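Asker: turn this into a model:
(4 chains)
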There are 2 protein chains.
Amino acid sequence: MRSGPGSLILESGAEAVTPPSFLDDGKNTIASQLVSRLREAIISGQLEAGSKINLDRAKQSFNVSLSPLREALARLISDGLVEFEDNRGYRVSPVSLSNLEEITSLREEFETYALRESMRVGDVDWEGNVMRALHRLNRTERDASKPETLEQWEAVHREFHLTLISGCRKPLLLSFCKTMLNLNDRYRRTFLTRTSGDRNVRVEHSEIAQGTVSRDMDYACDRLREHIHRTGTNLRKHLAEKGIA
Amino acid sequence: MRSGPGSLILESGAEAVTPPSFLDDGKNTIASQLVSRLREAIISGQLEAGSKINLDRAKQSFNVSLSPLREALARLISDGLVEFEDNRGYRVSPVSLSNLEEITSLREEFETYALRESMRVGDVDWEGNVMRALHRLNRTERDASKPETLEQWEAVHREFHLTLISGCRKPLLLSFCKTMLNLNDRYRRTFLTRTSGDRNVRVEHSEIAQGTVSRDMDYACDRLREHIHRTGTNLRKHLAEKGIA
DNA sequence: GCTTGACAAATAATCGATGATTTTTCAAAA
DNA sequence: TTTTGAAAAATCATCGATTATTTGTCAAGC
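Answerer: Residues are numbered from 1 along each chain as shown, chains lettered A, B, ... in the order given. Sure thing, here's the model as predicted:
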């Protein structure tokens, strides 16, 4: 059961769900689990953009104590998902048109650079991973009337874009790209509930992947840049519709 | 008075220095002050690269309690200066040849992109700031025999590079560049105690600045890229001498 | 009516103590 | 001698309580 958007922290009677951890995913501490849970809550829009994070209420919502909560929030600053000010606490990073535009620009620059590098030094394993990620993405349904398919699609879509650039052997660059992708996905999941009809996104992804594994740098990077740019334009329209400056 | 390199946390009898805060610099809380102090300690090499950060000892060294210390360390993860593992605590990020090479590459890409953007949209104020930063840099002595001049030079040098790209109106990009500059400066301050004679760094900076304010994008970006690249090559040599892979 | 300032409530920040995990030690067994 | 494993020590993680700061309230003065 999930609370309504933005109400997660404001709720009084909390039925805090302990994440099912049969298998050890390396996230052993409360603080680390909180990082994941908070990140998901913000990207999915459950925690409203720009809203203040009240520590007392958040403590209760997530059924945790203050120390791990503060530590988790501190770590999330780096993801650009949370902002902090001394004695004023933490707040969910606000959304804005200019922020979206910067994210789009940086994705274009960073991801094409990382893709070029990947094509330059990536090995056969990486190529295989790209094709597998493409296949999964193409096989994943995205139906606006079924919310669970949207979440699933977001996951494999993210995986596809990350796999594309995962061959570059530049860990810092990859972490920056991940951050930008997170921020970008928040916009999509918040504002793009329906898919726009005038794009064949599946074809776009296939072209990028095909160009990539055949190491046609200019082609692949051009397609990727266009793809990112179109997404940006698309999102910008939806932001404008909702009157967000 | 300053302790020897790497001994900061290991010291037993701590004469913890409270930073002089006549004027409010916005860093009101212990945690925020710690972020600055820890960052400086790491970049300057006082905290040895790759070493584990023992919380008990660090607590004593810095005369703080555990909560703000952990929070500060958590925030430093984003700067790439600190790494963390569940139940194993924090450690100073290690240095390596490949890490240095990535930092150099990313600085070349990010900073030239940011410089181009700055030249595209930067205003007259920004131009003025660039010229002022250049002037300060050129007026700042850098004498290997006087350690305090090295620190001073590092500060104005950092300020120069950040000012160059400060006109770009892309806050996320700027924060990435800042991060890369931090990481880069740690290498310089750790491994480049003497200045190499075969470069006229002053001329390099002047050319970059002149090209910038005259909005000659290609010229300025080429000079900046060369400048960053030379620094990287230089540092790489010093790492090799010290046998760092 | 508007501003000011003291008081109260809400919230953030820090601390010391306790609980949990990892690492080290060291003796017994192979 | 080497390996094993339980106990001890060290260290990390979490908690509840306390302190400090900010925000909200409201009455007195202008």
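
Asker: what's the burial count for residue A:63?
Answerer: By the measure other C-beta atoms under 10 Å in any protein chain shown, the count of residues near residue A:63 is 12. For the C-beta atoms, the positions are set from N, CA and C on the backbone; glycine is no exception.

Asker: output the contacting helices and strands for whatever helix or strand residue A:133 lives in.
Answerer: If you go by DSSP states H and E, residue A:133 is part of helix A:124-139. Judged by 3 or more C-beta pairs under 8 Å, 6 or more residues apart in numbering or on different chains; DSSP states H and E, the packing partners of helix A:124-139 are helix A:147-165, helix A:201-213.

Asker: report the central residue of chain A.
Answerer: When C-alpha atoms, centre = their mean is applied to chain A, the residue found nearest the centroid is residue A:182 (2.6 Å).

Asker: would you mind pulling the contact partners of the lowest-mean-pLDDT helix or strand in chain A?
Answerer: Scoring the helices and strands of chain A by mean pLDDT, DSSP states H and E places helix A:147-165 at the bottom, with a mean of 94. Identification of contacts with helix A:147-165 by C-beta atoms under 8 Å, 6 or more residues apart in numbering or on different chains yields A:44, A:111, A:114-115, A:117-118, A:126, A:129-130, A:132-134, A:136-137, A:140-144, A:173-174, A:177-178, A:181, A:185, A:188-189, A:193, A:205, A:208-209, A:212, A:224.

Asker: repeat the analysis, applying 7 Å as the threshold.
Answerer: Helix A:147-165 is contacted from outside by A:111, A:114-115, A:118, A:129-130, A:133-134, A:136-137, A:140-144, A:174, A:177-178, A:181, A:185, A:189, A:205, A:208, A:212, using C-beta atoms under 7 Å, 6 or more residues apart in numbering or on different chains.

Asker: PyMOL command for the buried members of those?
Answerer: Only the buried members of those enter the following PyMOL selection, criterion being 16 or more other C-beta atoms under 10 Å in any protein chain shown:
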select buried, chain A and resi 111+114+115+118+129+130+133+134+137+142+174+177+181+185+189+205+208+212
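
Asker: sorry, back to before: pLDDT averaged over the helix holding residue A:133 - what is it?
Answerer: Average pLDDT, helix A:124-139: 97.

Asker: next, count neighbours for the residue lying closest to residue A:212 once chain neighbours are set aside.
Answerer: Distances taken as C-beta to C-beta, 6 or more residues apart in numbering or on different chains put residue A:220 closest to residue A:212, at 4.6 Å, once the chain neighbours are dropped. Close neighbours of residue A:220, defined as other C-beta under 10 Å, add up to 24.

Asker: now the one helix or strand residue A:220 maps to: how far from the chain's centre is it?
Answerer: Using DSSP H and E, residue A:220 sits within helix A:217-241. Distance of helix A:217-241 from the chain centroid (C-alpha atoms, centre = their mean, to the nearest Å) equals 16 Å.

Asker: if you count neighbours, what's buried in that helix?
Answerer: For helix A:217-241, burial by neighbour count (16+ other C-beta under 10 Å) applies to A:217, A:220-221, A:223-225, A:227-228, A:230-232, A:234-236, A:238-239.

Asker: run through who's touching that helix.
Answerer: Residues from elsewhere that reach helix A:217-241 (C-beta under 7 Å, 6+ apart): A:97, A:100, A:104, A:107-108, A:111-112, A:115-116, A:119, A:187-188, A:191-192, A:196, A:199, A:204, A:207-208, A:211-212.

Asker: put the alpha carbons of the helix holding residue A:133 into PDB.
Answerer: Extracted C-alpha coordinates of helix A:124-139, given in PDB (Å, rounded to 0.1, in the frame of the first residue of the first chain):
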ATOM      1  CA  VAL A 124      32.800  -7.600 -26.300                       C
ATOM      2  CA  ASP A 125      31.100  -8.200 -22.900                       C
ATOM      3  CA  TRP A 126      30.000  -4.600 -22.900                       C
ATOM      4  CA  GLU A 127      28.600  -5.000 -26.500                       C
ATOM      5  CA  GLY A 128      26.600  -8.000 -25.300                       C
ATOM      6  CA  ASN A 129      25.300  -6.100 -22.300                       C
ATOM      7  CA  VAL A 130      24.100  -3.300 -24.600                       C
ATOM      8  CA  MET A 131      22.200  -5.700 -26.900                       C
ATOM      9  CA  ARG A 132      20.700  -7.500 -23.900                       C
ATOM     10  CA  ALA A 133      19.600  -4.200 -22.400                       C
ATOM     11  CA  LEU A 134      18.000  -3.200 -25.700                       C
ATOM     12  CA  HIS A 135      16.200  -6.500 -25.900                       C
ATOM     13  CA  ARG A 136      14.800  -6.200 -22.400                       C
ATOM     14  CA  LEU A 137      13.700  -2.600 -23.100                       C
ATOM     15  CA  ASN A 138      12.000  -3.500 -26.300                       C
ATOM     16  CA  ARG A 139      10.200  -6.400 -24.600                       C
END
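
Asker: got the angle for that helix vs helix A:201-213?
Answerer: Between helix A:124-139 and helix A:201-213, the angle comes out at 170 degrees (axes from the mean of the first three to the mean of the last three C-alpha atoms, to 10 degrees).

Asker: from residue A:57, how far out is the residue nearest to residue A:67 when sequence neighbours are not counted?
Answerer: Nearest non-adjacent residue to residue A:67, counting by C-beta to C-beta, 6+ apart: residue B:67, 5.9 Å away. Distance from residue B:67 to residue A:57, counting by C-beta to C-beta, to the nearest Å: 20 Å.

Asker: got it, and residue A:82?
Answerer: Residue A:82 is 16 Å from residue A:57, where distance means C-beta to C-beta.

Asker: need phi/psi at residue A:52.
Answerer: Here is the backbone geometry of residue A:52 (degrees, to the nearest 10): phi -70, psi 140.

Asker: what is the neighbour count of it?
Answerer: Neighbour tally, residue A:52, other C-beta under 10 Å: 13.
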